[in-house]
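Next come a sequence and a model predicted from it.
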Amino acid sequence: TIYVLALTQGEHKSLEFYPSILLRQPWYDDAQIFVIGLADGYDGAVYLVEEIAREVLEETGGTDILGFLAERQRRMLQIILFILKLIGWILLVILGLLVLAAVVLLFTPLRYRVEAGCGGTLSTLEVDADFRLLFRLVSGKVRYQDETLSWNIRAAWIRLGNQAEAEEVEESIEESLEEAEKDIREEGEKVLENIPAQETEAEAEITEDCEQQGVVEEYKKSPAENSEDTAEKKTAAEKKTAAEKKTTAEKRITAEKKTAVEKKTTAEERITAEKKTAAEKKTTAEERITAEKKTAVEEKTAGDENQPKKRKKAGKARTEPDSMENSDTVQKERNTKETMADKIAGVFKKIKYTFDRICDKIRTLLEKAESVKAFLTDEVHQSAFLKCLAELKKMAIRLRPKRIRGKVHFGFEDPSLTGRVLAGVSLLYPYWGEHICCSPDFENKVLEGEVSVEGSLRLLPAAALGWNLLWNKNVRRTAMDIKRFFLSK
């Protein structure tokens, strides 16, 4: 039996327990009972009451069970409120970071630069493009040269692309060059510091040589002259030694730079060879797959052609023994099956089926044409289209490049094609006429010139476009009509 532990209903709150079956009595329907716990059986209830009373006595020194429970509840509420406050601060920080990220993405420009050049043919076309975002935290480069596309994207410390290895080699070469220049500078400073000590040692050596050769007296007679000559010789020797060391250091720097450039060139050649090998492997694999597909199709076609022949041969083999006996019956059955009337009826059925299909397609196209015409002539839809065009024009003006310059000389084998291309390009003359010099050649096939474009892109104009279109009633209604139109089909 389950026993319920609760506080008494009087002024002096104390513990009481009773079987849970008593709660079925009508008196307990509206009674307010402060339940403390549940126990399994009478003994369990007594043990639970003893434990609660002992804990209250140890912590409070009295028997105020209600006050003890109220204090426990207050502490629990404080803990819950602290957890909720902590969760609220965490959510506020996350929301702030999201708002900051949105502001940064909306207002931080994506700067780009594109340079293209061509020496006369498409094989000499070279295109370099790079972009950067968030103070070069995210950057990338794309290059098309020698009919090969290479790209590299860098986000913080993460690198992607097929130029990453070349850039790492280049950075290591630059680091080695900087270290070599630093070592050479330190060695030069040490040489300059050691010049006074070397001068003193040279003087001592000269004095010893003079004493050994018996010219000490002459050396002593004119000490000023000897000291001047010795100083000049010593200075000339030191300058010569310093010049030789400097020349040696410069030669070593030149050799290291040459070695670094050779390493870089070797790495680029190895990367180009690997790219070429990969392209050849890809081309070989595609050719092999194409050949296998072609062979499979030919085998299938040959098998389909041989199957009727085999069936005919088998039928002939089976019917040859009986052909002598039942030749008249077989001939009659063949004549019955392959009558001209059946063939004509089959042809008419095919013609009728084809005609019905053509009529159904024409009917469907007419219905679609009427629906599209009604859709396009609706005033609400036309107003929505004009609004979209106006917003797109505003965004294009805001996102136009800041600087465009270049010179293009082009021509085709057909002079009329050159004229048509020039006419099409001239439509945009108000936008690029002041920046790009375009000269057509109606006699030769040529493509020469250089073009450079620089600018920046922001998400703010696109966000403004989306906001303006979202709050336009006609645009929302047109979008819903387009959705219903495609779903109905």
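Alright, I've got the coordinates. Everything quoted here is computed from the prediction, not taken from an experiment.

What are the boundaries of the helices in the chain?
Along the chain, the segments classed as helices by DSSP state H run 41-60, 65-107, 164-212, 216-221, 223-323, 327-337, 340-377, 379-398, 415-426, 429-432, 459-470, 473-488.

which stretch in those helices is the model least sure about?
Mean pLDDT is lowest for helix 216-221 out of these, coming in at a mean of 43.

mind checking how far residue 280 is from residue 266?
Going from residue 280 to residue 266 by CB to CB, to the nearest Å gives 21 Å. Yep, even glycine has a C-beta here, placed from its N, CA and C like the rest.

What sits closest to residue 3 if chain neighbours are left out?
Ranked by CB to CB, 6 or more residues apart in numbering and with sequence neighbours excluded, the top spatial neighbour of residue 3 is residue 45, at 3.9 Å.

Tell me, how many residues neighbour the one you found?
By the criterion of other CB atoms under 10 Å, residue 45 has 23 neighbours.

again, but for residue 9
Residue 9, neighbours per other CB under 10 Å, totals 11.

ok, it to residue 28 distance?
Residue 9 is 11 Å from residue 28, by CB to CB.

ok, now residue 95?
Distance, residue 95 to residue 28, using CB to CB: 48 Å.

same check, this time on residue 74
From residue 74 to residue 28 the distance is 28 Å (CB to CB).

My understanding was that the residue nearest to residue 3 contacts residue 19; is that so?
No: the pair residue 45 / residue 19 is not scored as a contact, 9.2 Å apart, by CB atoms under 8 Å.

Could you name every residue contacting both of those two?
Counting by CB atoms under 8 Å, 6 or more residues apart in numbering, the common neighbours of residue 45 and residue 19 are residue 3.

what's the closest non-adjacent residue to residue 39?
Closest to residue 39 by CB to CB, 6+ apart is residue 45, at 3.9 Å.

show me the contacts for that neighbour.
By CB under 8 Å, 6+ apart, the contact set of residue 45 is 3, 5, 17, 39.

repeat that for 6 Å
Residue 45 is in contact with 3, 17, 39, counting by CB atoms under 6 Å, 6 or more residues apart in numbering.

Can you pull the phi/psi pair for residue 136?
Here is the backbone geometry of residue 136 (degrees, to the nearest 10): phi 70, psi 20.

I'd like the numbering to begin with 15 instead of 1 from here.
With 15 as the first residue, the last one maps to residue 150.

residue contacts, it?
Applying CB under 6 Å, 6+ apart, no residues qualify as near residue 150.

What about residue 443, how many residues nearby?
Counted with other CB under 10 Å, residues neighbouring residue 443 total 11.

how far away is it from residue 369?
53 Å.

same thing with residue 167?
For residue 167, the distance to residue 369 - CB to CB - is 58 Å.

now do the same end-to-end measure for stretch 127-145.
End-to-end span of stretch 127-145 (CA to CA, to the nearest Å): 6 Å.

and that stretch, what's its mean pLDDT?
86.

Contacts for it next, please.
With CB under 6 Å, 6+ apart, stretch 127-145 has contacts from 126, 154-159, 460-462, 464-468.

And those, which two are furthest apart?
Using CB to CB, the contacts of stretch 127-145 reach their maximum pairwise distance at 154 and 460, which is 32.2 Å.

These two: which has the busier surroundings?
Just comparing residue 154 and residue 460: by other CB under 10 Å the higher neighbour count belongs to residue 154, 18 against 15.

For that one, report the pLDDT, please.
Reported pLDDT for residue 154: 89.

So it is in contact with residue 165, correct?
No: Residue 154 lies out of contact with residue 165 (CB atoms under 6 Å); the separation is 7.1 Å.

what about residue 108, neighbour count?
10.

And for residue 269?
Neighbour count of residue 269, defined by other CB under 10 Å: 11.

any idea how far residue 198 is from it?
Residue 269 is 12 Å from residue 198, by CB to CB.

Residue 475 too?
Taking CB to CB, one finds residue 475 at 53 Å from residue 198.

Residue 254 now?
Counting by CB to CB, the gap from residue 254 to residue 198 is 19 Å.

Have a look at these two and say which one is more surrounded.
Each of residue 254 and residue 198 has its neighbours counted (other CB under 10 Å); residue 198 has more, 16 against 10.

Tell me how far that one lies from residue 190.
Separation of residue 198 from residue 190 (CB to CB): 13 Å.

Residue 470 and residue 126 touch, don't they?
No: under the criterion of CB under 6 Å, residue 470 makes no contact with residue 126, lying 7.1 Å away.

Mind listing the shared neighbours of residue 198 and residue 190?
With CB under 6 Å, 6+ apart, residue 198 and residue 190 have no common neighbours.

Could I get the buried residue list for stretch 433-449?
Neighbour-count burial for stretch 433-449, counted by 16 or more other CB atoms under 10 Å, picks out residue 446.

Now tell me what touches it from outside.
Stretch 433-449 is contacted by residues 418, 419, 454 when judged by CB under 6 Å, 6+ apart.

Check the separation of the first and last residues in that stretch.
21 Å.
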